[in-house]
Structures are given as structure tokens and as C-alpha cells.
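Engineer: Model the structure of this input:
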Amino acid sequence: MNNVVMRTVTVTGEYQPLVSERLVASVTISCPPSNVGNVIFEGDDGSEVPWIPGQWETFQSIDLASVRVKGNSGDIVTIVGGTW
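Structural biologist: Next comes the predicted model:
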């Protein structure tokens, strides 16, 4: 079954997954230009990968529960795509 995925995640000062349970989807993840600071993504090797306000990337078949972010409290990350 194909489902649309549209979410907004509010960032905190501690790492958190984009979703709480396994969700494999093809999506565009973005940090809106209105964010006050960088959103830090946790790299696959544990490194910190900063995304600037306005940055976006498209991913195919990614498990959103494995993507962890942190940053300025109140900044957001948007996720748009689907499970096709």
C-alpha cells in the first residue's frame, strides 16, 4: 500500500529520530529558511552533519526512524514524500 508522508518535526537540543517507529519512504527532508540556526543530523559514523536553513535533500527508500536530528529548540525539519 502506498501512503503519503507529510510531517513537521520540531527540533530540540538532544538528538531525536525523525519518526518514533520504522517508516521506510522516499522523501524530501528540508530545513526551512525560517530556522534560526543549523539543524545537526547524526551521520552514519556518529559525526555531526550540519544543515543550514533552506537546505533540502531527497532520499529514496530511507528508514526515517534511523535519521536523528538536534539543533536550536523550536527550529523544524519537514518531511514530504511517500511509501511508493
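Engineer: buried stuff in the helix or strand in which residue 5 is found?
Structural biologist: Assessed by DSSP states H and E, residue 5 sits inside strand 4-10. For strand 4-10, the neighbour count (16 or more other C-beta atoms under 10 Å) marks 7, 9 as buried. The C-beta positions use only the backbone N, C-alpha and C, and glycine is treated the same way.
Engineer: Pull the residues that contact it.
Structural biologist: 16, 18-19, 23, 25, 27, 64, 69, 74-83 (C-beta atoms under 8 Å, 6 or more residues apart in numbering).
Engineer: mind listing what residue 27 touches?
Structural biologist: Taking C-beta under 8 Å, 6+ apart as the test, what residue 27 contacts is 5, 58, 59, 62, 64, 79, 80, 81, 82.
Engineer: again, 7 Å this time
Structural biologist: Each residue near residue 27 by C-beta atoms under 7 Å, 6 or more residues apart in numbering is listed here: 5, 59, 62, 79, 80, 81.
Engineer: circling back to that earlier point, which of the contacts of strand 4-10 are buried? Put it as a ChimeraX command.
Structural biologist: Applying 16+ other C-beta under 10 Å to the contacts of strand 4-10 leaves a buried subset, and the ChimeraX line that selects it is:
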select :16,18,19,23,25,27,64,69,75,76,77,79,80,81
